[in-house]
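J.: give me a 3D structure for the following:
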Amino acid sequence: MDIRPAEFVLDPASHDVHADCAQLRELGPLVPVEVEGVRAWAATRYSTLVAVLTHPDLSREVKYWDPAAKAAAPPNTAVTRLAADTSMLNAEGGAHHRLRSPVSKSFTARRVQRLRPRVAEFAAAHLDRLAAMPPGPVDLRLEYAYPIPRDVISELMGVPDALRDELHELTDVAARVGDTPDDVTDARKKLYKLLDEIIELRRDTPGEDLITDLIAASEHDGPDRLTRAEVGDTVELLFIAGHVTTVNLITNAVRVMLTCPDQLAMVRSGERSWSEVVEETMRWDSPIAHFPMRYAVRDVEIDGVPVRKGEAVIGCFAAAGRDPDQYGAGAACFDLRAASPAHLSFGHGTHYCLGAPLARLEGEVALAALFEAFPDMRPADQDSGWRPLGTVLGNSTRYLPVHLGRRVR
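T.: Below you'll find the model as predicted:
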């Protein structure tokens, strides 16, 4: 089954995600695209993306993808790896509820708020490390935005202290973004093997952590019991997804604050809060650019566009965040004064991001601590340093070089 000829190619090497998104919105609400060799529809506008995320006849279950299209998809790309994921990410209905329920209680707003002092401790430790670095530009993405979410999710999940260094090294390689595509297959295999070892350690020495909760859900009798494989899939998903997008959030928020001194001044004066910075960043510079895929269970029509059974649909979250139909004429501007409606960057509907409260907390704490500690911080080498990630999924920069300036305690 062929979708009509692609009108746009979603290029992982694009140098301007938001220019691409603006062009996509102009082409229509649902645009035929090609992404990493896969033909799909792209939902480009806010209302269209809401419809796609909630439509009863669009499913994340890969069994609904047209067999010929699935067979023709190039293997081992970001898109096809996500399509093949067997965790709750691609589950629907009762299966999704069964896989999600044991995790949900760990991510309620109340339980996440209890983590605030610990997140602040992590932030303070990394600020001390930054202050001790030799003079010169510092890559704030690598040295601050990245380790805080990684440390937090490790603690929340119950990764033993003795294994964190090894786990973090493997994660660093598996998540690496470089100038050339590195072969990280071996690192991923070692990472998943180590996560399996951590699960078995927690099985023998349970604690008050997420992995222990998942193990408990696999050891009781009942229809909602998890299998060992499902425990492993969930741990892998939560560990990776639990920090990667928050890295982009913190990076993007720091970048916009450094380039919009008037916006930063409003926060420093108390006129606006860091939580508002987090929300506006999520809207204006979504950590997720494009996310695959949903499949038509039967022939449907979305915003006047017919989508045939088996066809795939990709959500363009970065495009929806700057949709003028939703946010007005100033949609392309970062503006803390604007009364912006809710954004979609954490998703919508049954697959709404479980980690949203934690990501919000981490962003708020990390930003407040950073700008208080280094009030004179300024960008360094902006033109060469602020390069896109080089992926169709994430939206951020590979590096964020800054001059920290004086440390204020």
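J.: every contact and neighbour count from this point should use C-alpha atoms.
T.: OK.
J.: quick one, phi psi at A43?
T.: Main-chain dihedrals, A43, degrees, to the nearest 10: phi -80, psi 110.
J.: ok, the one 4 residues further on next?
T.: According to degrees, to the nearest 10, the main-chain angles of S47 amount to phi -70, psi -30.
J.: could you measure from it over to A342?
T.: Distance from S47 to A342, counting by Cα to Cα, to the nearest Å: 12 Å.
J.: of these two, which one has the most company?
T.: Taking neighbours as other Cα atoms under 10 Å, S47 and A342 compare with S47 leading, 16 against 13.
J.: now do the most centrally placed residue in the chain against P149, distance only.
T.: Centroid-nearest residue in the chain: T245, 2.9 Å away (criterion: Cα atoms, centre = their mean). Going from T245 to P149 by Cα to Cα gives 9 Å.
J.: swap in L115?
T.: 12 Å.
J.: between these two, who's got more neighbours?
T.: In this view L115 and P149 are compared by other Cα under 10 Å, and P149 has more residues nearby, 26 against 17.
J.: element containing the more buried one, please.
T.: Per DSSP states H and E, P149 falls inside helix 147-157.
J.: packing partners for the helix or strand following that helix?
T.: Remark: after helix 147-157, the chain's next helix or strand is helix 161-174, criterion DSSP H and E. Judged by 3 or more Cα pairs under 8 Å, 6 or more residues apart in numbering; DSSP states H and E, helix 161-174 is in contact with helix 185-204.
J.: now the angle from the helix it packs on to helix 161-174?
T.: 150 degrees (axes from the mean of the first three to the mean of the last three Cα atoms, to 10 degrees).
J.: how far out from the middle of the chain is helix 185-204?
T.: Taking Cα atoms, centre = their mean, to the nearest Å, one finds the center of helix 185-204 at 22 Å from the center of the full chain.
J.: who touches that helix?
T.: 158-160, 167, 170-171, 173-174, 211-212, 215, 232, 235-236 (Cα atoms under 8 Å, 6 or more residues apart in numbering).
J.: in those residues, which residue is surrounded by the most others?
T.: Result: I211 is most packed of the contacts of helix 185-204 (other Cα under 10 Å), 28 neighbours.
J.: wait, isn't that residue in contact with G158?
T.: Yes: if you go by Cα atoms under 8 Å, I211 and G158 touch, sitting 6.3 Å apart.
J.: still on that earlier bit, mind pulling the model confidence for the residue nearest to the centre of the chain?
T.: As predicted, T245 sits at a pLDDT of 92.
J.: where's it, which helix or strand?
T.: Counting by DSSP H and E, T245 is found in helix 228-259.
J.: quick one: low-confidence residue ranges for the stretch 101-250 of the chain.
T.: Scanning the stretch 101-250 of the chain for pLDDT under 70 picks out 172-185.
J.: quick one: residues contacting T251.
T.: Counting by Cα under 8 Å, 6+ apart, T251 has contacts 140-141, 145, 396-397, 400.
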